[in-house]
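>>> dropping the sequence and predicted coords here.
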Amino acid sequence: MNSTIDWQPSAEIETLKRRAQLLADVRRFFSDRDVLEVETPVLSQAAPTAIYLDSFSTVYQPAGLKPKSYYLQTSPEFAMKRLLAAGIGDIYQIAKVFRHGELGRRHNPEFTMLEWYRPALGYQALMTEVDNLLQDVAGLPAAISMTYHDAFKQYLDVDIEVTNTSSLQDIALSQIAGLPQDWQCERDGWLELLMSEVIEPQLATLAVPVIVFDFPASQAQLAKVYQNQYGHQVAARFEVYAGGLELANGYDECQHADELHRRFEKDNQQRQAESKPVMPIDGHLLAALDAGLPACTGVALGLDRLMLLITGKQRLAEVISFDFERS
């Protein structure tokens, strides 16, 4: 018997009790608003195509039949949208999700996500609800909000609507220490680098959460694209930052199967160009959208990261029962 193996939890027992209270508070928050808790499958025959996501895969071997690939969910989003299309109404889920290759101080390949969808709420109203939840269950101060455009203008003095890719590259190389001079990426890659490496650290110095909204249309992911008050096409998408952490990502959801299919195909073309596996597109989701997804907004929030803010801990291992190395 190996007595040298560390079998103990990676989190303190008191922290796990506080975590249980957080989950109870989240459920109370949604119960008070008549939002239904649901469960959906963790395994799926399809997987997200997004270039920044890598899924765990496994094989199901029916007796006497060919093996079939399944994927652990990176989010319960697709299955929850099928429930929305079936007419279930406002829903939320506290789900275990899995992302390959994400391991570090603030990442664990298995983590807990809170995701909810609100046919009853618009884009701005959902941002308000996220802010209310953070105040209610975590005691955070009220958030401030700014557009993606204004964040670049305020912190980098860059007008993203008129600044070309070459100039963004020059700014990134001058602002990000250690970035190789021969680093190559597309326009969105430079924007994302500047956001994560330059702007987000400055948002972390603020004493309140920050909601950044109206991302570039090219970063819509699964959000609608609309024309803002200045005549620019933007994604109806927001992200929430607090204490140096990206906590949540929300959308005014795209309802059109053809548009999402086009985006998925484009993702897979990019995956192939980068020698990443091409992912099977979720036909169930597209069929649900064809049948009629109601107008709705949705958001995913990392509960483990929220626990870091609540407890003042520095590593995800300190707020989950057993980290990846002890699983």
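Nice, thanks for sending it over.

>>> buried sites along the helix or strand hosting residue 167?
Using DSSP states H and E, the element containing residue 167 is helix 165-175. Within helix 165-175, the residues scored as buried using 16 or more other C-beta atoms under 10 Å are 168, 169, 171, 172. No exception for glycine: its C-beta is placed from N, CA and C like everyone else's.

>>> could I get the contacting residues of the second one?
Contact analysis of residue 169 by C-beta atoms under 8 Å, 6 or more residues apart in numbering lists residue 190.

>>> now with 10 Å?
179, 183, 184, 185, 187, 189, 190, 193 (C-beta atoms under 10 Å, 6 or more residues apart in numbering).

>>> one more: residue 219?
By C-beta under 10 Å, 6+ apart, the contact set of residue 219 is 148, 188, 191, 192, 195, 234, 235, 237.

>>> what helix or strand is residue 306 located in?
helix 303-311.

>>> tally of neighbours for residue 216?
Residue 216: 20 surrounding residues under other C-beta atoms under 10 Å.

>>> how far away is it from residue 200?
16 Å (C-beta to C-beta, to the nearest Å).

>>> quick one on the thing from earlier: any chance of the buried residues of helix 165-175 in TSV, with distance to residue 264 and pLDDT too?
Below are the buried residues of helix 165-175 laid out as TSV (distance: C-beta to C-beta, whole Å; pLDDT from 0 to 100):
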residue	distance to residue 264	pLDDT
168	27	94
169	28	93
171	31	93
172	28	94
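
>>> identify the farthest-apart pair in those.
Using C-beta to C-beta, the buried residues of helix 165-175 span at most 7.3 Å, a distance reached by 169 and 171.

>>> hey, what's in contact with both of the two?
190, 193.

>>> just the CA atoms of the helix holding residue 167, as PDB, please.
This file holds the C-alpha atoms of helix 165-175, laid out as PDB (Å, rounded to 0.1, in the frame of the first residue of the first chain):
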ATOM      1  CA  THR A 165      -4.000  45.200 -38.600                       C
ATOM      2  CA  SER A 166      -0.400  46.300 -39.100                       C
ATOM      3  CA  SER A 167      -0.800  49.100 -36.600                       C
ATOM      4  CA  LEU A 168      -2.400  46.700 -34.100                       C
ATOM      5  CA  GLN A 169       0.600  44.400 -34.500                       C
ATOM      6  CA  ASP A 170       3.000  47.300 -33.900                       C
ATOM      7  CA  ILE A 171       1.100  48.300 -30.700                       C
ATOM      8  CA  ALA A 172       1.100  44.800 -29.400                       C
ATOM      9  CA  LEU A 173       4.800  44.300 -30.000                       C
ATOM     10  CA  SER A 174       5.600  47.600 -28.200                       C
ATOM     11  CA  GLN A 175       3.200  47.000 -25.300                       C
END
